[in-house]
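Q: sequence below, structure please.
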Amino acid sequence: MRLTLQFRIWRRAFPIAWEQTQLLHPAKLVVSAALPTLNILWKGHGILRAQHPVLRFALVGVATYGLISVFEFLWLFTTGPRFTGFESATAEKASGTPDPIDALAIELSALPQSELREETLELAKEMKSFEAGSDREFVSTLVAVQPRSASESEHDEALDRQSAQLMEYNLNTWRVYRDRFYRPARTFRDELRKRLGIRNVNSEPWIPALDRALLVGAKPIAQAADYLAGLARRLK
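A: Numbering: from 1, shown residues only. Here you go, the predicted structure:
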């Protein structure tokens with residue numbers, strides 16, 4: 001049973017890790033160019049020192065880029081089970097595209113600063129309450145601790161049930177968050193950034209629950225709620 005659950009997690013973590021691997025990340029390209037350059041400048045030493053400098057640069061650069069990409073993917077893949085592990089390819093593509101202007105965005109753009117602040121704080125409070133309530137509900141449904149007289153097989157069965165319950169809990173939490181909070185939270189965030197004059201979004205922290213609908217870490221929804229509340233409190 002455990003092996004089957006692990007395979008299910010790996011199967012779902014693989015496409016998530018591949019989608020998150022940033023093949024054209026600037027830092028990766030800079031390192032892939034800097035290392036072969038240093039390798040060439042290190043006269044008489046370095047890798048492939050007997051080869052032509054152009055070939056030497058190309059081979060070392062490609063090898064460096066490949067190793068960085070492989071290690072990045074493996075790191076994302078091994079940490080994948082800590083995510084929900086249930087995101088579909090369709091949901092991933094949809095979450096990576098800009099949200100269309102909808103009725104909520106139009107409504108928020110017409111709100112005064114004070115009202116937008118209060119509405120955002122209320123949304124953040126609801127998000128944190130949902131996560132806290134969901135956690136309490138999951139804890140209450142856990143299999144009771146087996147008595148000391150329980151056999152090893154009974155203990156293993158209890159652990160298997162808990163694993164299945166954990167997967168189901170993660171799936172349900174992610175679905176409710178996606179359907180109820182994800183799009184409104186992004187719309188609030190975009191309006192707040194616009195009001196605060198934040199043009200360079202790359203300077204802002206990456207919030208997985210807001211940017212990709214990924215529930216990463218112990219309190220991912222609370223992290224998104226705290227970020228929204230922080231933006232709202234900066235409004236004058």
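
Q: show me the shaky parts of this protein.
A: 1-13, 16-17, 20, 43-49, 76-101, 141-150, 155-156, 158 (pLDDT under 70).

Q: give the contact list for the residue nearest the centre of it.
A: The residue lying closest to the centre of the chain (C-alpha atoms, centre = their mean) is residue 208, at 3.7 Å. Neighbouring residues of residue 208 by C-beta atoms under 8 Å, 6 or more residues apart in numbering: 214-217, 220, 223. Just so you know, the C-beta spots here come from the backbone N, C-alpha and C atoms, and that holds for glycine as well.

Q: show me just the buried residues among these.
A: 214-216, 220, 223 (16 or more other C-beta atoms under 10 Å).

Q: measure how far stretch 193-209 is from the centre of its chain, please.
A: Centroid separation for stretch 193-209 versus its chain: 16 Å, with C-alpha atoms, centre = their mean, to the nearest Å.

Q: so which bits of that stretch are buried?
A: Neighbour-count burial for stretch 193-209, counted by 16+ other C-beta under 10 Å, picks out 195, 207-209.

Q: got the contact list for the strand or helix carrying residue 32?
A: Here residue 32, judged by DSSP states H and E, is contained in helix 26-41. Residues from elsewhere that reach helix 26-41, judged by C-beta under 8 Å, 6+ apart: 22, 46-48, 53, 56-62, 64-65, 68-69, 72.

Q: picking that back up, what's the farthest-apart pair in the buried residues of stretch 193-209?
A: Spatial extent of the buried residues of stretch 193-209 (C-beta to C-beta) is set by the pair 195 and 208 at 23.6 Å.

Q: before we move on, the earlier item: which one of the buried residues of stretch 193-209 is nearest to residue 231?
A: Of all the buried residues of stretch 193-209, the one with the least separation from residue 231 (C-beta to C-beta) is residue 195, at 8.6 Å.

Q: mind checking the SS state of residue 214?
A: coil (DSSP: H, G, I helix; E, B strand; the rest coil).

Q: for it, which non-adjacent residue is closest in space?
A: Nearest non-adjacent residue to residue 214, counting by C-beta to C-beta, 6 or more residues apart in numbering: residue 208, 4.0 Å away.

Q: just the helices in the chain please.
A: Taking DSSP state H, the helices of the chain run over residues 2-20, 26-41, 53-79, 89-95, 103-109, 113-140, 152-177, 183-196, 208-211, 220-233.

Q: would you mark the buried spots in the last one?
A: Within helix 220-233, the residues that qualify as buried are 220-225, 227-229, 231-232, counting by 16+ other C-beta under 10 Å.

Q: picking up where we left off before, filter the contacts of helix 26-41 down to the buried ones, ChimeraX style.
A: Those of the contacts of helix 26-41 that count as buried under 16+ other C-beta under 10 Å are selected in ChimeraX with:
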select :48,56,57,60,61,64,65,68,69,72
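
Q: follow-up on the earlier one: need the buried residues of stretch 193-209 in a markdown table with distance to residue 185, can you?
A: Listed next are those as a markdown table, based on distance: C-beta to C-beta, whole Å:
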| residue | distance to residue 185 |
| --- | --- |
| 195 | 16 |
| 207 | 9 |
| 208 | 12 |
| 209 | 8 |
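
Q: before we move on, the earlier item: now distance to residue 130 too, for the buried residues of helix 220-233, in JSON lines please.
A: Output for the buried residues of helix 220-233, formatted as JSON lines (distance: C-beta to C-beta, whole Å):
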{"residue": "220", "distance to residue 130": "12"}
{"residue": "221", "distance to residue 130": "7"}
{"residue": "222", "distance to residue 130": "10"}
{"residue": "223", "distance to residue 130": "14"}
{"residue": "224", "distance to residue 130": "11"}
{"residue": "225", "distance to residue 130": "9"}
{"residue": "227", "distance to residue 130": "16"}
{"residue": "228", "distance to residue 130": "14"}
{"residue": "229", "distance to residue 130": "15"}
{"residue": "231", "distance to residue 130": "19"}
{"residue": "232", "distance to residue 130": "18"}
